[in-house]
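Visitor: Provide a 3D model corresponding to the input given below.
(2 chains)
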Protein chains: 2
Amino acid sequence: MFEGPVQRLIDELSRLPGIGRKSAQRLAFHLLNVEQADARRLAQAIMDMRDQVKTCARCFNVTGSEECSICRDLRRDPAMVCVVERAQDIVVVEKTQEFRGRYHVLGGALSPIGGVGPGQLHFAELRERIGNEGIEELIVATNPTVEGDATAMYVAREMKPLGVRVTRLASGLPVGGDLDYADELTLGRALVGRQEM
Amino acid sequence: MFEGPVQRLIDELSRLPGIGRKSAQRLAFHLLNVEQADARRLAQAIMDMRDQVKTCARCFNVTGSEECSICRDLRRDPAMVCVVERAQDIVVVEKTQEFRGRYHVLGGALSPIGGVGPGQLHFAELRERIGNEGIEELIVATNPTVEGDATAMYVAREMKPLGVRVTRLASGLPVGGDLDYADELTLGRALVGRQEM
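Guide: Just a heads-up that it's a prediction; the model follows:
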């Protein structure tokens, strides 16, 4: 509908997840109206990220270097490793400020329906790390979904024989939540995982 | 929270309208995971748009040339001009396939509170076009808002003395809508604008 370059940008923007036709159009016209430098900075940030971002050779976190800043941080405890599905999950765990170990990004979750088997995820590298880095505990922080549960179970079954403790994040009621609004699955897990007080 | 290039892209993306922190993060990781060529094409589209898009010398539509494709189209009736607030409004009117004239983009609407006076909008250029192009009718398609109404009134008052007919898009019930859900202002306008059948 629009002339060449505008329409091309709208097309590219609508390929992004969660950006529909209307939003893409609004974004394109926004970028048309902002300062030239602002638009250029966004374009440059996209290019830079693709050119500069690598995955950490140890834990598969995103990084600008050979190893990520967490793996390079000598104050972090190498004996504790938090296993997550995706690199963006690391930030969520970091925000709690409760974990001072390292991470291992699997690159997804096991999903027979989605065609994701153990071979597609970074299990072999995790096994190697257990052998080399003196890891004592794996805290599995996969999502509380069918796939995340299956992945957690796979980690426990495969890695416990190597002599590490394998734990999983507790499932239960969200803090500040209301019992009335909890679904039965969450409530069921909260019951099973009840703690002595 | 993220390392350099990833965080910079998240920051840039969150500056876009309607894109919050979480969406920016999701988009950034999406762009990290798609094919390099796809990410590059988006960045290029942003740069290209800023480098190539101009405003039409006649009607202020966005264009890649000196004049926009609508103004250059000889089959369009130069005697009818649809006056819109913004260039993106042209596409909405074009979609109806009911209008075969040309356009004039004002660049906004009059807003005493927002500090937009007649001097900031393309009224002078419209007046000049009326003198030069044999325009017979201005169809004012500003938004049905306080600012859009004021702008439409200003167009009528200023341009009618130049010998053009000035009309405005009808306000009323949306087609397929339900009388129950119409607000009183819309219903009021529909009453005032009622048509003989």
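Visitor: So chain A: which segments form each domain?
Guide: Domains of chain A are assigned by automatic domain parsing as A:4-52, A:75-168.
Visitor: start to end distance for the last one?
Guide: Think domain A:75-168. 23 Å (Cα to Cα, to the nearest Å).
Visitor: before we move on, back to that, tabulate the domains of chain A (CSV), appending mean neighbour count.
Guide: From N, CA and C alone the C-beta is placed, and that goes for glycine too. CSV is the format used below for these (neighbours: other Cβ atoms under 10 Å in any protein chain shown):
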stretch, mean neighbour count
domain A:4-52, 18
domain A:75-168, 17
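Visitor: Which among those domains is found nearest to B:Ile10?
Guide: B:Ile10 lies closest to domain A:4-52 among those, at 8.8 Å (Cβ to Cβ).
Visitor: longest helix of chain A?
Guide: Counting by DSSP state H, the longest helix found in chain A is helix A:36-52.
Visitor: just the strands in chain A please.
Guide: Secondary structure of chain A by DSSP state E: the strands cover A:54-55, A:62-63, A:77-84, A:101-105, A:137-140, A:165-168.
Visitor: Show me what the fifth one is packed up against.
Guide: In this case it means strand A:137-140. Secondary structure elements in contact with strand A:137-140, counted by 3 or more Cβ pairs under 8 Å, 6 or more residues apart in numbering or on different chains; DSSP states H and E, are strand A:77-84, strand A:101-105, helix A:146-159, strand A:165-168.
Visitor: A:Ala45 against B:Gly4, yeah?
Guide: No. The criterion here is Cβ atoms under 8 Å, and A:Ala45 misses it with B:Gly4 at 10.4 Å.
Visitor: just to revisit the earlier point, next, format the helices and strands packed on strand A:137-140 as CSV and append mean pLDDT.
Guide: Formatted as CSV, the helices and strands packed on strand A:137-140 follow (pLDDT from 0 to 100):
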stretch, mean pLDDT
strand A:77-84, 94
strand A:101-105, 96
helix A:146-159, 93
strand A:165-168, 91
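Visitor: quick one, which of those is nearest to chain B?
Guide: In terms of Cβ to the nearest Cβ, the element of the helices and strands packed on strand A:137-140 nearest to chain B is strand A:101-105, at 11.8 Å.
Visitor: Identify the neighbouring strands of the closest one in the sheet and state each direction.
Guide: strand A:77-84 (parallel) (DSSP bridges).
Visitor: shaky segments in chain A?
Guide: Along chain A, the model assigns pLDDT under 70 to residues A:1.
Visitor: ok so, going back, just put the domains of chain A in CSV and tack on distance to B:Val34.
Guide: As requested, the domains of chain A are exported to CSV (distance: least, Cβ to Cβ, whole Å):
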stretch, distance to B:Val34
domain A:4-52, 9
domain A:75-168, 15
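Visitor: so which of these comes closest to A:Asp180?
Guide: Smallest distance to A:Asp180 across these (Cβ to Cβ): 20.1 Å, for domain A:75-168.
Visitor: one step back: would you format the helices and strands packed on strand A:137-140 as a markdown table with distance to B:Leu169 included?
Guide: Shown next, in a markdown table, are these (distance: least, Cβ to Cβ, whole Å):
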| stretch | distance to B:Leu169 |
| --- | --- |
| strand A:77-84 | 54 |
| strand A:101-105 | 55 |
| helix A:146-159 | 52 |
| strand A:165-168 | 60 |
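Visitor: Just tell me which of the ones you listed ends up closest to B:Gln36.
Guide: strand A:101-105 (20.1 Å).
Visitor: The closest one vs helix A:146-159, what angle?
Guide: Angle, strand A:101-105 to helix A:146-159, by axes from the mean of the first three to the mean of the last three Cα atoms, to 10 degrees: 110 degrees.
Visitor: what sits up against strand A:101-105?
Guide: A:55-56, A:58-61, A:70-71, A:76-87, A:89-90, A:93, A:122, A:125-126, A:129, A:137-139 (Cβ atoms under 8 Å, 6 or more residues apart in numbering or on different chains).
Visitor: mind running it again at 6 Å?
Guide: Identification of contacts with strand A:101-105 by Cβ atoms under 6 Å, 6 or more residues apart in numbering or on different chains yields A:59-61, A:71, A:76-78, A:80-84, A:87, A:90, A:126.
Visitor: chain center to that strand, what's the gap?
Guide: In this view, strand A:101-105 has its centroid 11 Å away from the chain centroid, taken as Cα atoms, centre = their mean, to the nearest Å.
Visitor: could you dump it to CSV, C-alpha only?
Guide: C-alpha atoms of strand A:101-105 as CSV (Å, rounded to 0.1, in the frame of the first residue of the first chain):
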residue,chain,number,x,y,z
GLY,A,101,26.8,-19.9,41.1
ARG,A,102,27.2,-20.3,37.4
TYR,A,103,24.7,-21.3,34.7
HIS,A,104,24.2,-23.8,31.9
VAL,A,105,21.9,-22.9,29.0
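Visitor: pretty sure A:Met47 contacts B:Arg41?
Guide: No. Judged on Cβ atoms under 6 Å, A:Met47 makes no contact with B:Arg41 at a distance of 10.9 Å.
Visitor: hang on, the earlier thing: and the contacts of strand A:101-105, which two are the farthest apart?
Guide: A:Asp77 and A:Ala87 (20.1 Å).
Visitor: Enumerate the residues of chain A near chain B.
Guide: Applying Cβ under 6 Å from any Cβ of the partner chain, we find that chain A lies next to chain B at A:1, A:3-6, A:8-9, A:12, A:16-17, A:27, A:29-30, A:36, A:39, A:41-43, A:45-50, A:52-53, A:62-64, A:69, A:88, A:91.
Visitor: what's the distance between A:Ser14 and A:Leu27?
Guide: Taking Cβ to Cβ, to the nearest Å as the measure, A:Ser14 falls 9 Å from A:Leu27.
Visitor: With A:Gln52 instead?
Guide: Where A:Leu27 is concerned, A:Gln52 sits at a distance of 24 Å (Cβ to Cβ).
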